[in-house]
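Engineer: Fold the following, please.
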Amino acid sequence: MNAKILWPDLLIALPTVLLLSLGSIVIYSQDPKFAVQQVIFAVLGLVVFWAISLFNFEIESPLIKLLYFINLGLLAITFIIGFETRGSLRWLQIGPLQLQPSELAKPVLILFLSRFWANHTASWKNIIISLLFVLPFAVLIFKQPDLGTALTIVAIWLSLLLAANVSLLKLASLSLISLCLAPLAWFSLKDYQKSRILSFLSPENDPLGTGYNVIQSTIAVGSGQIFGRGLGRGTQTRLRFLPEFRTDFIFASIAEELGFLASFSVLVLYSILVIRIFKIVRSVSGKFGILVLYGVLGMFFFQITVNIGMNIGVVPVTGITLPLLSYGGSSLLSTMISLGLVASIARYNIKRNTFIDS
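Structural biologist: Have a look, this model is predicted:
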């Protein structure tokens with residue numbers, strides 16, 4: 001196969017491997033057992049990434065519809081045979097593996113909505129239809145409860161709606177409708193979710209309760225300074241003051257133990273991934289491929305922005321993992337599948353005789 005076609009895959013893979021390695025190292029400094037599991041997930045994820053990159057989803061469009069209904073079914077089954085962890089019913093036990101269908105819903109919806117918008121214009125009728133496709137996923141995930149992943153699903157829908165060239169008038173109308181529905185959304189939140197949003201505005205009012213996570217995270221980020229306290233020497237992490245330090249708040253763990261330079265390096269690696277995907281967009285032929293790329297970009301941008309934002313105290317805590325860094329098999333596989341889609345689009349949908357400059 002033409003090396004020029006394979007080249008984008010390598011530039012996606014390099015920052016991906018570096019981020020996976022950094023996450024595994026930081027997790028190892030906290031608990032070697034979890035690090036071993038994360039490395040296994042990472043290796044499996046890389047295999048999945050390569051396998052997905054070999055698959056041409058443009059041709060296999062019937063498979064996309066099948067994946068949609070399978071994933072929707074898994075989400076529904078979770079409420080029947082799933083097991084609960086820390087008050088959330090999100091996981092299915094499949095042999096020795098624990099599967100989180102809500103995470104796999106992200107790349108599945110990117111494919112499904114991309115296929116839909118590749119064949120339809122952004123009319124009001126089609127906007128409503130696309131929303132109806134997404135709504136069952138968002139509602140089931142929200143009911144688990146998993147507000148962070150539900151918001152990510154909505155972000156994917158919005159990203160693909162924008163990529164479908166929705167008019168400014170329709171976009172303004174949707175914004176106005178969303179604003180009017182905001183009070184209804186507020187009353188649908190659970191008490192702890194409302195408390196998280198309110199504590200974001202003034203965490204010092206309840207430093208040992210709803211404001212605890214934000215306060216401890218910002219302390220961890222600030223205490224790392226330029227070079228960090230040293231791997232495995234972060235007091236907030238090692239003494240368990242920082243909650244969810246392997247998942248939601250791993251960025252704060254990196255900032256505390258490895259400092260500003262490592263934190264900035266994380267942002268640089270994410271930027272390389274995002275810029276690379278944008279460059280691939282400019283060289284891809286076919287609406288479907290472009291839509292898939294924008295869907296992955298929207299998902300990445302939302303998760304990275306919200307996760308790092310809540311780690312430094314500028315957005316409310318919503319339980320969104322940091323792609324490629326946070327501990328978790330389903331989350332990691334979901335991210336690697338999405339990056340595999342990017343590599344697949346670059347391989348099969350790139351314009352002939354086009355070379356993407358590095």
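Engineer: For the stretch 1-150 of the chain, just list every one of the strands.
Structural biologist: Assigned strands in the stretch 1-150 of the chain, in chain order: 83-85, 88-94, 97-99 (criterion: DSSP state E, counting those that start in this stretch).
Engineer: Nearest to Gly234, out of those strands?
Structural biologist: With Cβ to Cβ as the criterion, Gly234 lies closest to strand 83-85 of the strands of the stretch 1-150 of the chain, at 25.2 Å. Heads up, the C-betas are built off the backbone N, CA and C, glycines and all.
Engineer: so can I have TSV of the strands of the stretch 1-150 of the chain showing mean pLDDT, distance to Arg246 and mean neighbour count?
Structural biologist: Listed next are those as TSV, based on pLDDT from 0 to 100; distance: least, Cβ to Cβ, whole Å; neighbours: other Cβ atoms under 10 Å:
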stretch	mean pLDDT	distance to Arg246	mean neighbour count
strand 83-85	81	14	10
strand 88-94	86	16	16
strand 97-99	84	15	15
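Engineer: looking at the ones you listed, which is closest to Val43?
Structural biologist: strand 97-99 (14.7 Å).
Engineer: So which elements touch that closest one?
Structural biologist: Using 3 or more Cβ pairs under 8 Å, 6 or more residues apart in numbering; DSSP states H and E, the elements in contact with strand 97-99 are strand 88-94, helix 329-348.
Engineer: if you compare the ones you listed, which one is most tucked away?
Structural biologist: Compared across the helices and strands packed on strand 97-99, helix 329-348 shows the largest average neighbour count, a mean of 24 (mean count of other Cβ atoms under 10 Å).
Engineer: picking up where we left off before, of the strands of the stretch 1-150 of the chain, which is nearest Leu74?
Structural biologist: Closest approach to Leu74 among the strands of the stretch 1-150 of the chain (Cβ to Cβ): strand 88-94, 6.7 Å.
Engineer: Show me the contact partners of the closest one.
Structural biologist: Strand 88-94 is touched from outside by 74, 77-79, 81-83, 85, 98-102, 144-146, 330, with contacts defined as Cβ atoms under 8 Å, 6 or more residues apart in numbering.
Engineer: tell me the pLDDT at Lys65?
Structural biologist: In this prediction, Lys65 carries a pLDDT score of 93.
Engineer: Could you count how many residues lie near it?
Structural biologist: Burial measure for Lys65: 13 neighbouring residues, criterion other Cβ atoms under 10 Å.
Engineer: avg pLDDT for stretch 296-314?
Structural biologist: On average, the pLDDT along stretch 296-314 is 94.
Engineer: Any buried residues in it, and which?
Structural biologist: 296-300, 302-304, 306-313 (16 or more other Cβ atoms under 10 Å).
Engineer: hmm, back to that, can you list the helices and strands packed on strand 97-99 in JSON lines and add distance to Tyr270?
Structural biologist: Putting the helices and strands packed on strand 97-99 into JSON lines (distance: least, Cβ to Cβ, whole Å) gives the following:
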{"stretch": "strand 88-94", "distance to Tyr270": "25"}
{"stretch": "helix 329-348", "distance to Tyr270": "12"}
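Engineer: Ala163: which of the ones you listed is closest?
Structural biologist: Of all the helices and strands packed on strand 97-99, helix 329-348 sits nearest to Ala163, with 13.0 Å by Cβ to Cβ.
Engineer: any idea of the angle the closest one forms with strand 88-94?
Structural biologist: 70 degrees (axes from the mean of the first three to the mean of the last three Cα atoms, to 10 degrees).
Engineer: Just the buried ones out of the contacts of strand 88-94, please.
Structural biologist: Leu74, Thr78, Gly82, Gln98, Leu99, Gln100, Pro101, Ser102, Gln144, Pro145, Asp146, Ser330.
Engineer: From Leu46, how far off is the third one?
Structural biologist: When Cβ to Cβ, to the nearest Å is applied, the distance between Gly82 and Leu46 equals 28 Å.
Engineer: ok, the residue positioned nearest the centre of the chain - contacts?
Structural biologist: Centroid-nearest residue in the chain: Gln303, 4.6 Å away (criterion: Cα atoms, centre = their mean). Neighbour list for Gln303: Thr152, Ile320, Thr321, Leu322, Pro323 [criterion: Cβ under 8 Å, 6+ apart].
Engineer: hang on, the earlier thing: looking at the buried ones among the contacts of strand 88-94, spot the one nearest Ser53.
Structural biologist: The nearest member of those to Ser53, counting by Cβ to Cβ, is Ser330 at 20.0 Å.
Engineer: shouldn't that closest one be in contact with Leu99?
Structural biologist: Yes: using Cβ atoms under 8 Å as the test, Ser330 is close enough to Leu99 to be in contact (6.1 Å).
Engineer: distance of the closest residue to Leu325 other than its chain neighbours from Ile277?
Structural biologist: If you skip the residues right next to it in sequence, Leu325 has Gly23 as its closest partner in space, 3.9 Å away by Cβ to Cβ, 6 or more residues apart in numbering. Counting by Cβ to Cβ, the separation of Gly23 from Ile277 is 20 Å.
Engineer: Please identify which of those two sits among more neighbours.
Structural biologist: Between Gly23 and Ile277, counting by other Cβ under 10 Å, Gly23 is the more crowded of the two (26 against 21).
Engineer: Before I go, just wanted to say thanks for your time.
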